[in-house]
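Participant: Have a look at this prediction, sequence included:
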Amino acid sequence: GGGSEETSSSPESGEVNIIGYAGIWQEQYQTAVIDPFLEKYPDITINYSSKRSSAEMLSAIQAEGGNPITDVAIMDSSVSDSGNQQGLFAEVSEADVPNIAKVRDEFLNADGYGPLVGLDAVGLLYDTETIPEPPTSWEILWDDTYAGKVQVVAPPSALGIDLTAITSEMLGEDYTKSIDKSIARLAELAPNIQSFAPNPDEYQSIITGQSVLGLGQNARGQYYSDESDGKLGIAFPEEGTVYQMNAINLSAEAPNPEPAKTFMDYALSDEAQVAFAEALYYAPSTDVELPAEVADRVVKTDGSLKVLQLDPAWLGTVSGEWTDRWKREVIGG
Amino acid sequence: MSATQTIASVRGTGPHREQGEQERRTRRRSRLTALTLVVPGLIGLAVSFVFPLAYMIRMAFNEGSGNGIVVETFTFQTILEPLTDAYYWQVTVDTFLMGLVVGVLCIVVSYPIALFLARTQSKWSGVLLAMALAPLLTSSVVRTYGWMVLLNDDGLVNSSLLGVGLIDAPIPMANNMTGVIIGLVEIFMPYAILAMMSGFGRISTQLEEAAGSLGANRAKVFFRITFPLSLPGVLTAFLLVFVLSISTFVTPRLLGGGVVQVLATEIYDQATGLLNWPFASALAIILLVLFGTVVAVYQALAKKLGGMS
Amino acid sequence: MADNGTHKLSLVGLTKQYAQGIAPAVDRLDMHVEEGHLVSLLGPSGCGKTTTLRMVAGLMDPTAGQIMVDGADITNTPVHKRGMGMVFQSYALFPHMNVHENVAFGLQMRKKPKQEQDRLVHRALEMVQLEHLAKRQTRALSGGQQQRIALARALVVEPTLLLLDEPLSNLDAKLRETMRAEIRQIQQRTGATTLFVTHDQDEALDMSDRIAVMNGGLIEQFGSPIEVYERPRTRFVANFIGRANLLTVTIVDEQRQSGADSRYRVDVPGFGVHPAIGSPGLTGRRTLLIRPHRLGAEPAAAAAGLRGTIESLSYTGDSLSYRVRVGETSFTAERLTSGTDRMSVGDAAIISWRPEDALVLPEPVEDAAP
Amino acid sequence: MADNGTHKLSLVGLTKQYAQGIAPAVDRLDMHVEEGHLVSLLGPSGCGKTTTLRMVAGLMDPTAGQIMVDGADITNTPVHKRGMGMVFQSYALFPHMNVHENVAFGLQMRKKPKQEQDRLVHRALEMVQLEHLAKRQTRALSGGQQQRIALARALVVEPTLLLLDEPLSNLDAKLRETMRAEIRQIQQRTGATTLFVTHDQDEALDMSDRIAVMNGGLIEQFGSPIEVYERPRTRFVANFIGRANLLTVTIVDEQRQSGADSRYRVDVPGFGVHPAIGSPGLTGRRTLLIRPHRLGAEPAAAAAGLRGTIESLSYTGDSLSYRVRVGETSFTAERLTSGTDRMSVGDAAIISWRPEDALVLPEPVEDAAP
Amino acid sequence: MTAAPVPFKKKFAYGGLLFKIVVVLAYVFLLAPLAIVFVISFSSNQYLSFPPEGFTLDWYKALPEQAQFMDGLRTSLITASITTLIVLAIGVPATLAIDRYEFPGKGAVAGFFLSPLLVPTIVLALGLVLVLGPLGLTNTYASIVIGHIAITVPYVIRTTLTAMQTADTSCEEAARVLGADAFTVFRRVTLPIIRPGVIAGGVMAFIVSFDEAVISLFVAESGAPTLPVYVLRYVENSADAVVAALSVVLILFSVVIVAIVERVVGLKNAL
Ligand SMILES: Nc1ncnc2c1ncn2[C@@H]1O[C@H](COP(=O)(O)OP(=O)(O)OP(=O)(O)O)[C@@H](O)[C@H]1O
Ligand SMILES: Nc1ncnc2c1ncn2[C@@H]1O[C@H](COP(=O)(O)OP(=O)(O)OP(=O)(O)O)[C@@H](O)[C@H]1O
Ligand SMILES: [Mg+2]
Ligand SMILES: [Mg+2]
């Protein structure tokens, strides 16, 4: 990569502090991406700091204040956009990270900040023992049969936001204007809900039999489906889904920008993109061929799936309000 | 009378003497020493306590719009927002009620243990005391985790009840206020036990014996003597538990299933979920005020009760 | 063994062993108390006084033995049904009740009607002259007043027995003396049969009808104050009650008198044979008691007697006591001061006593050493 | 004002006022102590004894006045440079040090070499006969032993002055008496000038070379034990030291004697004119003191004197004391018991006293009431 | 007289059967979560559920492999130790001033030192992030230590104060009279006498700091998470029993500390 001379650290040595998701995401990313990277660049060390949500990552970066630690952040693009606006992240170009060239145009950041690194979408988690056939409609969540066996993560989590939009869509409402109908419908869902903040998480809950239905991300769902020998199933109902898009960003005050760029470049390489897709079923953001059995299970990015487009910038402005309405009308209602 | 003689002084005449020179000097020196001794502590607390609180309070007068964007200004808007919002009133009331219920239940289950420990003459009393306090030394995260295992729908409690056939469907004890309250009650029991034990220690068993010799049976002795005299300790324990339970957020978060909305979880959500720091600060101030009120009420009550024992 | 029915309180073989393997705190104790008497349990610390009292009160179960009141066995009656009145060393006033409520407590337990309660409380407070303090909080009272409230509280229920555990030990010297007289007066006025625990011999001698001198869980002597002081039965009692010169002597012969006492001649080792008195029928090695104030000590020239040297003297205003060493033995002689001839340390002195002031104790001396 | 240099310790106008607006705890006190003397500060609780002692020790600064040792003003010398020895009521042994370490502490502060320390500690422990306990922890010692260690610790540094604050008040009666003699002995052996605080008159009378009787921050009388007992200057002293019958009388006339005393005739209200003695030159209203054991009380038939009734009596073994009411006044008369003729409550009795046993106190009576 | 001695029984010791049952039940409730954690840690169930299908030590074996727990443990031990030392160093002198010296505003100062106990930790945590962030102190050991000073100072002050108040000041006076200056008195007499209280305070401070989750979560989650933070995260994301095994180890650790405190000072004094 084309490094600048202004810092002492060279592109191929030093350390990189990455902030990213916790749990299984971290584990798989470690084995699929980070470990091979470290093998390739033995003089670079990587410190991975894990967070449960993107907001928490952003909060942590903000909290770093005058003592910047993070070099690279992998987080939901709606949250990272807010970070971009606040100047927390730096613009990156092909000059810095050559592999940006491979990223599909629609997955590049319009303002020149870090591109998407992987895509996923919200899906419906279900217990294949109780429900043998993959459900085709989100409506099943409202089914009394499963009262007390449904888990939905409430906003500010992205999943909760997504469900709000999906519900609006189902009811023929324009969620960019109003979510009244959606909220009303979701309030009807509330009695079915076992937990709005499941511990352990929604995937484990279905596997352990604590719950039967849930809202989850395709990638993890696929992964846990394997882990549980198919007890956990995941489906994309016909009414549509919402992408969960992870961007990779360089911290504006990154203490180690050079090795960080090297890492970003590697993260966008074919090798890493395929490896992570195989490991955790994240759809690549670059043009790369996946093995068929993997391609089958990652979220489709070819337009074959009905996907609701939520503009991250706009979402940032409503997420507070939506969270509020959930608290008041869905959870508290 | 030899050389050793005494002049018995005549009392009360002559002008009133000023404080002695030496006395003044000593006092000055002692003040200086005292100052040197407390200053490091004051600095420590200033850094770790006063500044953060002051800064937090200042933050509540800024405007925040989520995702960490803070508008430096001076406005009452942020503080007024939760105060004019029925939802936050509800959260505040719920927080208060939760503290109240946890406090009362915690006293109820801790009282027998405290009384027992204060009075037992068993040679195991040391062990029993250690058993009562050991949980205190275990992170509340760990104990909450224990409760998750116990209270879940397929946790020990529900599975045994189902097993014996006492119930047909699991009682929902986790992911709701019930679970949080059960967890908090247990987690704060050691505090309550400690606070009450020191109170019981001060009640002379002779009072109970005196009541017995005057014809009171065991129940009467308890209700007329032991219990009234233990009230100050009970009150202290209650305050402690109340205060701790409305400020904790680990347990409501892990056991509350997202349904339990109290000030502590709201603050956490606002601060780390929505990154609206001014608003989080505003909520923190509400929590502080709630606190202050309860402490003030406690002190008034304690004065009244203190005048009694 | 005991002729029940004739005594207000009888303790028969009363025993308390706190734990296996240690000596009993109270050891097969027998005692009979007559109606209306004030009986003191007097003894050194740890001799079992409190333990005995607590068993009588029912606050503690005896290991063995019986407690009878008016001939009825109450050993197994629970505390609150014994109807006794008890005054504790620390008074044990209920701090959360005022004076009136404290005194009324026992009446409430007996479910007396409110009016009756008020009347009785008023009367009891009058008796201890504190009716004007009825509304006071108890902590706002002086030690002596608290003491009297405790007494009123115990007496108001007209207890079968009044039990007092060192009620004066928390008071200062002046107040003690006043309260002594007051308690005795109230006790006599109400005629309450009373057990009084103390370790202060002056208190016991001054107040009691009978004194039970206890030692190591046993009663060493039971009798009137004059009996225990003037005719102690054991060395322990002689030494515990008042000051004493005690000598181990061997009885030479006995001369029956018409009265209760015999006249003896005793061999005091080193000092030859002296006359003495004692109860009849004593032989062998015994203890001879001479009270210091009945032992004369005069300047050497003055009189006949044993010759010794003044070893030390102690002046306490009212009296002057000499320690006089005669051979190997030290005697204490006490005199009231009257400003006249005073001897100094090192002076020669003659000690002497009247035969009737030398008492042979009934308790035999076992040890071979003098 | 004071002739410094001739005294070991001089207190001049020593005053302590704890706070503005309240009466001083010690009020312009003057006192001069001779080398080698044991001086007791005797007085009721709160009279300022401890305060005085602490000012001498340097633990408290006087509000006014001077403290001089061997004529040198040490009022501003800090505690640790005064070189005094002090024994506290609670002994204040260092709980984390053993006996040897406790005693050696003062020597360490003086930077004495280790060997010298050991020698001196050994000698000091020998003096209090506890050398065998040198390695013991202090809490494993009895009260009396702790007491002696505290004494050894204070004495080992050869203090200019030895200060003792109620050192015996924590001990039981028997031990007190033993320790009294022991302290006095050690003090005399070492010749340490000693200030001894106590509120126990027996202790002060028994041990002291001089007694300072204090009351309300002032010294009421300073003198030898016999002086303060036999010739009290004030009503307070008479009453505080020993028991007393005190009557307010008016002096009728004075008859100069060759000795120190005058012979007076005094008018005892209600009982006519009686003879008495007292220091010369007294007139007007004064207090007449008759000690109870110098007051005779006989059955009515027996003798001449004032006729009264026995109001109460109190038996304490060695002695018997009668309260005899004559008109409005109660007299206390005390007799040693000797088994003979005892009067009972209600009996008529005649009280009488010898003229030389009735002392007119120098302090004038101010109050108009009798 | 022939009756066998009965064991000591004091009336009004609240020894009734009903009372005992109530006490036992209360104890069961109190110890339930710890007991369950203990059992779970040996359960061979892959997921948290009841009853255990078998027993295994796998979770314990898995512990050392959890690098995050080891990291967290190290962070916790280091920060708790530093916090304890600092708090003792500032708390003991302050207590000395409060108890043994007169100075204006003494009551206020004493109250001030105890006041952090009365402020919800989440409020304090929020304030700390806001202050420490701009200073660049978040996510460092320093941030945790600073955060923990406030919440541990009261414990040290309280136990030390109790020790000083109950210590007989005449010992100090005796030392002064024997020639010791102020500093020597403190070093040779006061400090040894109050040592149990100081140790107790130190141990309390250590445990409080070691177990504290909220402040650590706010100020140092990404840089230097402490063990409780890791545990919290693990519990949120996973359903296996590694955390149970870890908890058992931590409980044993606490028990050892308790045993030490009990030996040195006695539990009642310490708390
Ligand atoms: N609860 C107990 N357990 C074991 N031994 C006890 C208990 N209470 C008292 N003792 C022992 O029993 C003996 C008698 O004690 P008791 O209290 O009756 O003595 P006392 O005569 O009242 O003494 P004091 O004058 O000190 O009050 C003592 O040796 C005491 O140590
Ligand atoms: N620190 C203090 N502050 C204010 N007043 C005090 C203080 N210490 C003592 N006093 C008062 O000063 C007076 C004399 O006290 P001091 O201790 O000298 O009496 P004392 O003669 O030693 O009495 P005691 O026999 O009770 O020990 C008392 O009235 C006491 O209340
Ligand atoms: Mg007793
Ligand atoms: Mg004093």
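Facilitator: Happy to help now that I have it. Ligands and ions are numbered 1, 2, ... in the order given.
Participant: helix/strand/coil for A:Ser300?
Facilitator: Quick fix: residue A:300 is Lys, not Ser. Applying DSSP: H, G, I helix; E, B strand; the rest coil to A:Lys300 yields a three-state assignment of coil.
Participant: Same question for the one 3 residues further on.
Facilitator: What three-state DSSP gives for A:Gly303 is coil.
Participant: Get me the contact residues on chain E for chain A.
Facilitator: By the rule C-beta under 8 Å from any C-beta of the partner chain, the part of chain E lying against chain A is E:47-49, E:129, E:132-140, E:218-219, E:221-223, E:233, E:235-239. (Each C-beta comes from the backbone N, C-alpha and C, glycine too.)
Participant: Just the buried ones from those residues?
Facilitator: E:47-49, E:129, E:132-133, E:136-140, E:218-219, E:221-223, E:233, E:235-239 (16 or more other C-beta atoms under 10 Å in any protein chain shown).
Participant: So which of the residues of chain E next to chain A are in strands?
Facilitator: Per DSSP state E, strands hold no members of the residues of chain E next to chain A.
Participant: which non-adjacent residue is nearest C:Ser10?
Facilitator: Counting by C-beta to C-beta, 6 or more residues apart in numbering or on different chains, C:Ser10 lies nearest to C:Met68, which is 4.3 Å off, once chain neighbours are set aside.
Participant: Equivalent analysis for A:Glu329, please.
Facilitator: In space, and not counting its chain neighbours, A:Glu329 is closest to A:Ile183: 5.1 Å by C-beta to C-beta, 6+ apart.
Participant: near chain B, anything from stretch E:186-195?
Facilitator: No - in terms of C-beta under 8 Å from any C-beta, no part of stretch E:186-195 sits within range of chain B; the closest distance is 10.0 Å.
Participant: Kindly check the end-to-end length of that stretch for me.
Facilitator: Distance between the boundary residues of stretch E:186-195 (C-alpha to C-alpha, to the nearest Å) amounts to 11 Å.
Participant: for that stretch, which positions count as buried?
Facilitator: Under 16+ other C-beta under 10 Å, the buried positions of stretch E:186-195 are E:Phe186, E:Arg188, E:Val189, E:Thr190, E:Pro192, E:Ile193, E:Ile194.
Participant: Out of those, which comes closest to ligand 1?
Facilitator: E:Ile193 (28.8 Å; C-beta to the nearest ligand atom).
Participant: Quick check: E:Leu128 touching E:Ala142?
Facilitator: No - between E:Leu128 and E:Ala142 there is no contact under C-beta atoms under 8 Å: 11.3 Å.
Participant: who has more neighbours, the two?
Facilitator: Each of E:Leu128 and E:Ala142 has its neighbours counted (other C-beta atoms under 10 Å in any protein chain shown); E:Leu128 has more, 32 against 19.
Participant: need the contact list for the more buried one.
Facilitator: Neighbouring residues of E:Leu128 by C-beta atoms under 8 Å, 6 or more residues apart in numbering or on different chains: B:Ser48, B:Pro52, E:Ser143, E:Ile146, E:Gly147, E:Ile215, E:Phe218, E:Val219.
Participant: Could you do B:Tyr298 as well?
Facilitator: Residues counted as contacts of B:Tyr298 (C-beta under 8 Å, 6+ apart) are B:Leu235, B:Thr236, B:Phe238, B:Leu239.
Participant: Tell me the secondary structure at the residue in the stretch 151-300 of chain A that ligand 2 sits nearest to.
Facilitator: Closest residue of the stretch 151-300 of chain A to ligand 2, C-beta to the nearest ligand atom: A:Asn199 (59.1 Å). The three-state label given to A:Asn199 by three-state DSSP is coil.
Participant: Same question for C:His122.
Facilitator: When classified by three-state DSSP, C:His122 comes out as helix.
Participant: pLDDT score assigned to it?
Facilitator: At C:His122, the model reports a pLDDT of 94.
Participant: give me the number of residues near the residue lying closest to it once chain neighbours are set aside?
Facilitator: Leaving aside its chain neighbours, C:His122 sits nearest to C:Glu131 (6.1 Å; criterion: C-beta to C-beta, 6+ apart). Neighbours of C:Glu131 under the rule other C-beta under 10 Å: 16.
Participant: got it, and the one 3 residues further on?
Facilitator: Here the neighbour count serves as a burial measure; for C:Ala134 (other C-beta under 10 Å) it reads 18.
Participant: Next up, phi/psi of it, please.
Facilitator: Backbone torsions of C:Ala134, given as degrees, to the nearest 10, read phi -50, psi -30.
Participant: Show the contacting residues for the residue of the stretch 151-300 of chain A closest to ligand 2.
Facilitator: Neighbours of A:Asn199 in contact, by C-beta under 8 Å, 6+ apart: B:Met148, B:Leu254, B:Gly257, E:Val235, E:Glu236.
Participant: Contacts only, for the last one.
Facilitator: Same thing as E:Glu236. Contacts were defined as C-beta under 8 Å, 6+ apart; by that measure E:Glu236 touches A:Arg52, A:Asn199, A:Pro200, A:Asp201, B:Leu254.
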